[in-house]
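Novice: Can you look at this prediction? I've put the sequence above it.
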Amino acid sequence: MGMDEQNGQPVISVTDLVKEYRGGVRAVDGVTFEVRRGENFGFLGPNGAGKTTTILTLITLLRPTSGRAVVCGHDVVAEPDRVRLRIGYVSQDIAVDDTLTGEENLYLQGRLYHLDRETIARRSREVLEMVDLTARARDLVMTYSGGMRKRLDIAGGLIHRPEVLFLDEPTLGLDVQTRRRIWDYIRLLREREGITVFMTTHYMEEADQLCDRIAIMDHGRIVAIGTPSELKAGIGGDLLTVDITTGRRGTRDGGVQPDGDGGLQDLLLTVPGIKQASRASDGRWVLVADRGEEAAPAVLEAVGRHGLRVNYLAMKKPTLDDVFLHYTGRQLREDEGQEDFSRRRTGLRRARM
Amino acid sequence: MNSTARSTATLLSDTWWVAWREIKRFQRQKVRIVMILVQPFIWLALMGNMFERMAHVPGFPADSYLDYMAPGVVTMVTLFGGIFGGMSIVWDRRLGYLNKLLAAPIARSAVVSGKMLAVGLQTAMQVAIIFVIAMLMGVSFRTGPLGALMVILLAVLLSLVFAGISLSFSAVITSHEALMAVVNFMTMPLMFTSNAMMPLSFMPSWLQTIAKLNPLSYAINPMRSLFLTGWNVQELLTGVVVLALAGLALGLVATCLFRRSLA
């Protein structure tokens, strides 16, 4: 089968997937989606949204409560071994053995996938070269930086030429520069290996940069799915964020101050070009406008006319952050994962002593 | 038939590669190697001298306490080594390595059997070292090189029993503190209600009863015969068979618990 024929066929197909843990927590609550061959598909959502549970189900480590998942043509429950042979998995923990060298880590990984010595040697050279670790291959991993460990971990996931690579939070806990380098490697591996990538992330920018299509996940459900530009377009225009204080002063032309949130919303919606107006949890108003540049002065005008004061006004083209907010009503906090990660690391370090 | 043979070969090779990692890790951790050399020396020198007078008590079964103690040290070191099997799974789970192993197309049971193999190999090496040290300290040994091999075999089987126990617990217990507590709760009483350190005849009768039922005696008694008196084939065979069956059974229990914990 030629490459062209293969492209576009679903390589992952998930139907009504549910995973309920003992104690009744529904981590994944009826998820349906498909991933096409050769695409980079991302699960985006906050911690606890069910992303990792979904991945663990797809890589056959968790048995779904109900629903069906087919990966590379094989059911994950009925034929887990066939699935395992065809996929690579890089967990969010940097799971490399630091008492081994980089080369030894790859050698072991190759052996666990039943490759022979020659194949492992050849593939190791290729993947090490790809993640720029050739020069350090014979050093113990304990001398590697966090970014190098992550690169080695990714290289290990590729050793057996998987059809799909599962990347669970590939840049969790890495600094910004390292994160960007990892992005470059992820792009490169798609170019060179032509494999399908399924990744999870709670970094908007990461999903935006790397994914062809994104599923936004919240509370175990997919709330939106599409290409980054489709999702952004779904918001319907540019975004204006406005902070309005309701003053006690009288209005300039004898008009009355609008009454409460409802009144203010009605007022904002009368401004030409404003299509939506809603109040965010921080008290600011989020407005959607066809052309933000023209809507902004009109909003200032209208609000001032009713004796209210604008303390803050910002305009921007929508990002996935806004998409997330739009679909879930909540802000996706970038620092959440970082905190969680460092807390866990500290816990580990303490435990080691 | 052919596919059974192939899956057995796969299981063996998977087992080896899981163990390979443990062996490599062991080689790299210099401190552990030093401890393995120093520990039996300390046990023998310290305990041997501390209790030396006990050998003068009428009815003591050996000429020197050191001679009596040597199989006890072998047992103790074996016991602690066996526990390590479960600890390493708890660690692997913590570090995410366990998921990496399980995501690979290896047999599920290879994770358990690989850790057990690593424990067994390490025990064989440790006991060989204890032998050398004991000989250097003048411990007498009656049954020659073949007897020494038998002591190693008994120790390896005993370590597999303990690896099986700790691996079974590690399938259920996910924190290493808790696992350590449970395992210590078992090992210390096992050690001190056995005749590893003290002859049965020196114990109060209630303790003698417990000591006779203590599974450790299946290893200690034949070992002690090999050290002090000579070949007792029936005792040796019983020990080997009982320990091998117990190790196998516990390995299977661990595999089942482990499989169940994954669903």
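Specialist: Now that the structure is in, tell me what you want to look at.
Novice: Contacts for stretch A:143-158, please.
Specialist: Here stretch A:143-158 makes contact (CB atoms under 8 Å, 6 or more residues apart in numbering or on different chains) with A:88-91, A:94-96, A:98, A:102, A:105-106, A:109, A:123, A:127-128, A:130-133, A:136, A:141, A:165-167, A:170-171, A:173-175, A:178, A:181-182, A:185-186, A:189, A:193, A:195, B:100. No exception for glycine: its C-beta is placed from N, CA and C like everyone else's.
Novice: What subset of these is buried?
Specialist: Taking 16 or more other CB atoms under 10 Å in any protein chain shown as the criterion, what is buried in the contacts of stretch A:143-158 is A:88-91, A:94-96, A:98, A:102, A:105-106, A:109, A:123, A:127-128, A:130-131, A:133, A:136, A:141, A:165-167, A:170-171, A:173-174, A:178, A:181-182, A:185-186, A:189, A:193, A:195, B:100.
Novice: Can you flag which of these belong to strands?
Specialist: Of the buried ones among the contacts of stretch A:143-158, the ones assigned to strands by DSSP state E are A:G88, A:Y89, A:V90, A:L165, A:F166, A:L167.
Novice: Could you report the pLDDT at the fifth one?
Specialist: Listed pLDDT for A:F166 reads 96.
Novice: low-confidence ranges in chain B?
Specialist: Segments of chain B classed as low confidence (criterion: pLDDT under 70) are B:1, B:262-263.
Novice: if we go to 80?
Specialist: B:1-3, B:47-52, B:84, B:261-263 (pLDDT under 80).
Novice: residue boundaries of the helices in it?
Specialist: For chain B, the helices defined by DSSP state H occupy B:2-28, B:30-42, B:48-50, B:65-95, B:97-103, B:108-136, B:144-172, B:176-192, B:205-213, B:217-224, B:233-262.
Novice: want to try CSV for those helices, with distance to A:D75 as columns?
Specialist: Below are the helices of chain B laid out as CSV (distance: least, CB to CB, whole Å):
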stretch, distance to A:D75
helix B:2-28, 20
helix B:30-42, 44
helix B:48-50, 62
helix B:65-95, 26
helix B:97-103, 17
helix B:108-136, 18
helix B:144-172, 26
helix B:176-192, 35
helix B:205-213, 50
helix B:217-224, 46
helix B:233-262, 17
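Novice: Same list, those, but as CSV with distance to chain A please.
Specialist: Below are those laid out as CSV (distance: least, CB to the nearest CB, whole Å):
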stretch, distance to chain A
helix B:2-28, 4
helix B:30-42, 10
helix B:48-50, 31
helix B:65-95, 6
helix B:97-103, 4
helix B:108-136, 9
helix B:144-172, 13
helix B:176-192, 7
helix B:205-213, 35
helix B:217-224, 31
helix B:233-262, 7
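Novice: Tell me which of those sits nearest to A:F33.
Specialist: With CB to CB as the criterion, A:F33 lies closest to helix B:97-103 of these, at 20.8 Å.
Novice: Residues of the stretch 151-300 of chain A that sit close to chain B?
Specialist: Within the stretch 151-300 of chain A, the positions lying close to chain B (CB under 8 Å from any CB of the partner chain) are A:G156.
Novice: Show me where the stretch 151-300 of chain A has its helices.
Specialist: A:176-193, A:204-210, A:228-235, A:260-270, A:292-305 (DSSP state H, counting those that start in this stretch).
Novice: Nearest to chain A: which residue in chain B?
Specialist: Nearest residue of chain B to chain A: B:G96, at 2.8 Å (CB to the nearest CB).
Novice: thinking that residue is in contact with A:V90, fair?
Specialist: No - with contact defined as CB atoms under 8 Å, B:G96 does not reach A:V90; the gap is 9.8 Å.
Novice: For residue 230, give me its contacts.
Specialist: Here I'm looking at chain A. Contacts of A:E230 (CB under 8 Å, 6+ apart): none.
Novice: hm, I was asking about chain B
Specialist: B:R142, B:T143.
Novice: What's the separation between it and B:G147?
Specialist: The gap separating B:G230 from B:G147 is 8 Å, by CB to CB, to the nearest Å.
Novice: and if you look at B:V161?
Specialist: 21 Å.
Novice: between these two, which one's more packed in?
Specialist: Comparing B:V161 with B:G147 by neighbour count (other CB atoms under 10 Å in any protein chain shown), the higher total belongs to B:V161, at 27 against 18.
Novice: show me the contacts for the more buried one.
Specialist: B:G82, B:P215, B:L243, B:A246, B:G247, B:L250.
Novice: Let me know how buried the last one is, in neighbour terms.
Specialist: To tie it back to what came earlier, the one meant is B:L250. Other residues close to B:L250 by other CB under 10 Å number 21.
Novice: so it makes contact with B:G164?
Specialist: Yes - B:L250 is within contact range of B:G164, at 2.6 Å (criterion: CB under 8 Å).
Novice: Quick one: residues contacting the residue nearest the centre of chain B.
Specialist: Nearest to the geometric centre of chain B sits B:S159, at 2.2 Å (CA atoms, centre = their mean). Counting by CB under 8 Å, 6+ apart, B:S159 makes contact with B:T78, B:L79, B:G81, B:G82, B:V119, B:G120, B:Q122, B:T123.
Novice: how much space is there between the nearest residue to A:G45 once chain neighbours are set aside and chain B?
Specialist: Nearest residue to A:G45, sequence neighbours excluded (CB to CB, 6 or more residues apart in numbering or on different chains): A:M217, at 3.5 Å. Going from A:M217 to chain B by CB to the nearest CB, to the nearest Å gives 20 Å.
Novice: give the contact list for A:M217.
Specialist: A:M217 touches A:V31, A:F43, A:L44, A:G45, A:A49, A:G50, A:K51, A:T54, A:V223, counting by CB under 8 Å, 6+ apart.
Novice: By neighbour count, which of those residues wins?
Specialist: Most crowded among the contacts of A:M217, counting by other CB under 10 Å, is A:T54 at 30 neighbours.
Novice: That one should be in a helix, yeah?
Specialist: Yes - counting by DSSP: H, G, I helix; E, B strand; the rest coil, A:T54 is part of a helix.
Novice: which SS class is the residue nearest to it when sequence neighbours are not counted?
Specialist: Leaving aside its sequence neighbours, A:T54 sits nearest to A:V28 (CB to CB, 6+ apart; 5.5 Å). State at A:V28, reduced to three classes by three-state DSSP: strand.
Novice: so what's A:Q209 closest to, chain neighbours aside?
Specialist: Nearest to A:Q209 is A:W183, by CB to CB, 6+ apart, at 5.7 Å.
Novice: confidence score at that neighbour?
Specialist: So, for A:W183, pLDDT stands at 90.
Novice: one step back: leaving out chain neighbours, which residue sits closest to the residue of chain B closest to chain A?
Specialist: Leaving aside its sequence neighbours, B:G96 sits nearest to A:D93 (CB to CB, 6+ apart; 2.8 Å).
Novice: doesn't B:L98 make contact with the one you found?
Specialist: No - judged on CB under 8 Å, A:D93 makes no contact with B:L98 at a distance of 9.9 Å.
Novice: Looking at the helix or strand hosting A:R149 now, give me its mean pLDDT.
Specialist: Per DSSP states H and E: A:R149 is located in helix A:146-158. For helix A:146-158, mean pLDDT rounds to 93.
Novice: tell me the angle of that helix relative to helix A:176-193?
Specialist: Counting by axes from the mean of the first three to the mean of the last three CA atoms, to 10 degrees, helix A:146-158 lies at 20 degrees to helix A:176-193.
Novice: Surely A:G38 is within a strand?
Specialist: No - per three-state DSSP, A:G38 lies outside any strand segment and is coil.
Novice: picking that back up, show me which positions of the helix holding A:R149 end up buried.
Specialist: Per 16+ other CB under 10 Å, helix A:146-158 contains these buried residues: A:G147, A:M148, A:R149, A:K150, A:R151, A:L152, A:D153, A:I154, A:A155, A:G156, A:G157, A:L158.
Novice: hey, C-alpha coordinates of it in PDB?
Specialist: The C-alpha coordinates for helix A:146-158 follow below in PDB (Å, rounded to 0.1, in the frame of the first residue of the first chain):
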ATOM      1  CA  GLY A 146      16.200  16.900  32.200                       C
ATOM      2  CA  GLY A 147      15.800  17.700  28.600                       C
ATOM      3  CA  MET A 148      18.400  15.100  27.500                       C
ATOM      4  CA  ARG A 149      16.600  12.500  29.500                       C
ATOM      5  CA  LYS A 150      13.300  13.400  27.900                       C
ATOM      6  CA  ARG A 151      14.900  13.100  24.400                       C
ATOM      7  CA  LEU A 152      16.400   9.800  25.300                       C
ATOM      8  CA  ASP A 153      13.000   8.600  26.500                       C
ATOM      9  CA  ILE A 154      11.400   9.700  23.200                       C
ATOM     10  CA  ALA A 155      14.200   8.000  21.300                       C
ATOM     11  CA  GLY A 156      13.400   4.800  23.200                       C
ATOM     12  CA  GLY A 157       9.800   5.000  22.200                       C
ATOM     13  CA  LEU A 158      10.900   5.000  18.500                       C
END
